[in-house]
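K.L.:
got a predicted structure plus its sequence, pasted below:
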Amino acid sequence: MRVALFTETFLPKIDGIVTVVCLLLDHLEKRGIETVVVAPKMGVDRYNSSRVIGVPGVRFPMYPELRIGPPTLSTYQELKQFEPDIAHFIHPILIGIPGMLMAKRLNIPTLASFHLDVARIAHHYNLGFVEPVTDLMTKVVFNAADYSLAPSRLIQNDMYRIGVKEVGLWKRGVDPQRFDPQFRSATMRDQLSDGHPEDTLLLYVGRVSAEKQIDQIKAVLENVPGTRLAVVGDGPARADLEAHFAGLPVKFMGFMKGESLSQAYASADIFVFPSALETFGLVVVEAMAAGLPVVSSRVGGVREVVEEGVTGYTFDVNDINGMVAGVRKIAVSREHITYMGRAARHFAETQTWPAMMDEVVDIYHRLIEERQGEMVFA
């Protein structure tokens with residue numbers, strides 16, 4: 001089997017979408033499936049055994065680390081030379097929509113997966129007037145594919161609501177060996193807590209941008225004694241947040257990866273995630289795998305992975321009092337934090353990536369077989 005994977009973002013940029021794409025490519029390689037990636041041209045020509053067909057573009061003002069631009073005739077020629085059996089579109093927009101036309105030209109089946117809630121992002125940035133347009137575009141584009149996938153039941157229901165016809169689930173998993181309580185490090189905890197390891201250490205991991213609403217955690221620090229916060233990640237809101245938290249026990253760690261990231265997760269006490277927008281919330285499951293109870297807004301797939309009072313607490317978006325209450329309930333004692341963290345780890349161990357990825361491979365096979373059947377009876 002040969003799979004062509006179209007994505008609007010790829011390495012060297014690091015975000016939740018790129019993480020999922022790379023994990024999918026890793027899994028397909030293990031299954032002996034050949035792949036090619038069509039992605040923005042940003043200096044990466046290969047990922048393991050996969051060739052990257054770079055699409056030229058210009059820098060996107062809202063995300064300067066991303067280049068945008070449509071595929072070219074050269075893109076199509078390289079794709080045709082690869083002779084794919086199926087095309088998988090990671091939230092098709094500027095690269096994916098023309099890519100769908102290419103796939104139809106090649107008469108191969110298409111799968112589109114949802115990763116970015118553009119309509120809700122527009123609403124968050126007070127551009128709600130474009131929501132009906134983006135919902136319509138989502139409906140048209142995803143219905144143009146042979147099958148669609150949503151990362152959570154929340155998004156699946158939203159897709160059905162706006163008129164997408166066939167939507168399956170592709171939930172997010174976790175690598176329980178990479179994110180493991182065994183990575184707990186006294187040295188890392190000392191760094192995260194700025195030399196106060198005895199305090200209750202809250203952790204945020206992810207992009208440092210306005211829609212993540214990290215600023216709301218200030219209320220927790222002001223109302224739950226003995227708490228401090230470590231922020232792992234970087235982004236356009238960092239300078240504003242550093243000013244917002246001035247004088248409070250907050251440490252900005254910047255971007256982390258590899259073993260350092262694993263240690264950061266495992267060395268904290270409670271994962272706090274007040275984001276306004278998520279399609280799933282991959283970092284929540286990573287934190288749980290590392291043995292952290294979670295206090296998170298009810299976005300994306302959070303309600304499907306956090307069991308109230310057992311592995312953490314959830315709250316409505318912008319319910320700051322609910323977030324404060326959740327942290328307070330967990331932080332009553334070190335023993336209670338440990339107990340809930342073990343429950344979180346136990347759940348995360350059931351959410352492995354191989355099982356999630358094999359479901360996608362099964363869909364590839366089904367779509368290819370259906371297309372071959374159509375050709376036989378045509």
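P.N.:
It's in. Numbers count the residues shown, from 1 in each chain.
K.L.:
so residue 205 touches residue 268, yeah?
P.N.:
No: using Cβ atoms under 8 Å, residue 205 and residue 268 do not qualify as a contacting pair, with a distance of 9.1 Å. (C-beta placed from N, C-alpha, C; glycine too.)
K.L.:
compare the two (neighbour count), which wins?
P.N.:
residue 268 (29 against 22; other Cβ atoms under 10 Å).
K.L.:
the more buried one and residue 203 touch, don't they?
P.N.:
Yes: with contact defined as Cβ under 8 Å, residue 268 and residue 203 form a contacting pair (3.6 Å).
K.L.:
which residues are common contacts for those two?
P.N.:
Taking Cβ atoms under 8 Å, 6 or more residues apart in numbering as the contact rule, the neighbours common to residue 268 and residue 203 are 192, 230, 292.
K.L.:
so for the first one, what's the pLDDT?
P.N.:
Same thing as residue 192. The predicted local confidence for residue 192 comes out at a pLDDT of 98.
K.L.:
the second one now?
P.N.:
The per-residue pLDDT reported for residue 230 equals 98.
K.L.:
can you tell me the strand partners of the helix or strand that contains it and which way each runs?
P.N.:
Secondary-structure assignment from DSSP states H and E places residue 230 in strand 227-232. Partner strands and pairing direction for strand 227-232 (DSSP bridges) are strand 200-205 (parallel), strand 250-254 (parallel).
K.L.:
most tightly packed of those?
P.N.:
strand 200-205 (a mean of 24; mean count of other Cβ atoms under 10 Å).
K.L.:
what's the helix or strand following that strand packed up against?
P.N.:
Helices and strands here follow DSSP H and E; after strand 200-205, the next one along the chain is helix 218-223. Helix 218-223 makes packing contacts with strand 227-232, helix 320-330 when contacts are defined by 3 or more Cβ pairs under 8 Å, 6 or more residues apart in numbering; DSSP states H and E.
K.L.:
let's go with 6 Å and repeat that
P.N.:
Other helices and strands packing on helix 218-223, by 3 or more Cβ pairs under 6 Å, 6 or more residues apart in numbering; DSSP states H and E, are helix 320-330.
K.L.:
what are the ranges of the helices in the stretch 251-378 of the chain?
P.N.:
Listed in chain order, the helices of the stretch 251-378 of the chain (DSSP state H, counting those that start in this stretch) span 258-266, 282-289, 302-305, 320-330, 334-348, 353-377.
K.L.:
sorry, wrong one. I was asking about the stretch 51-200 of the chain.
P.N.:
In order along the chain, the stretch 51-200 of the chain carries the following helices (DSSP H, counting those that start in this stretch): 73-82, 96-105, 118-124, 131-144, 153-162, 186-192.
K.L.:
wait, residue 348 touches residue 173, no?
P.N.:
No: applying Cβ atoms under 6 Å, one finds residue 348 not in contact with residue 173, separated by 9.1 Å.
K.L.:
of the two, give the one with the bigger neighbour count.
P.N.:
Set side by side, residue 348 and residue 173 give different neighbour counts by other Cβ under 10 Å, the larger being at residue 348 (26 against 21).
K.L.:
quick one: contacts for the residue nearest to that one when sequence neighbours are not counted?
P.N.:
Nearest residue to residue 348 in three dimensions, chain neighbours excluded: residue 289, at 3.7 Å (Cβ to Cβ, 6 or more residues apart in numbering). When contacts are counted by Cβ atoms under 6 Å, 6 or more residues apart in numbering, residue 289 is found next to 174, 176, 179, 348.
K.L.:
from residue 350, how far off is residue 289?
P.N.:
Distance, residue 289 to residue 350, by Cβ to Cβ, to the nearest Å: 10 Å.
K.L.:
what does residue 200 give?
P.N.:
From residue 200 across to residue 350, the span is 27 Å (Cβ to Cβ).
K.L.:
just the pLDDT at the nearest residue to residue 259 once chain neighbours are set aside, thanks.
P.N.:
Leaving out its chain neighbours, the residue that sits closest to residue 259 by Cβ to Cβ, 6+ apart is residue 183, at 7.1 Å. As predicted, residue 183 sits at a pLDDT of 98.
K.L.:
and the residue nearest to residue 257 when sequence neighbours are not counted, how many neighbours does it have?
P.N.:
In this structure, residue 257 finds its nearest non-sequential neighbour in residue 14, 7.1 Å apart by Cβ to Cβ, 6+ apart. Residue 14 is surrounded by 17 other residues when neighbours are defined as other Cβ under 10 Å.
K.L.:
no further queries at this time; thank you.
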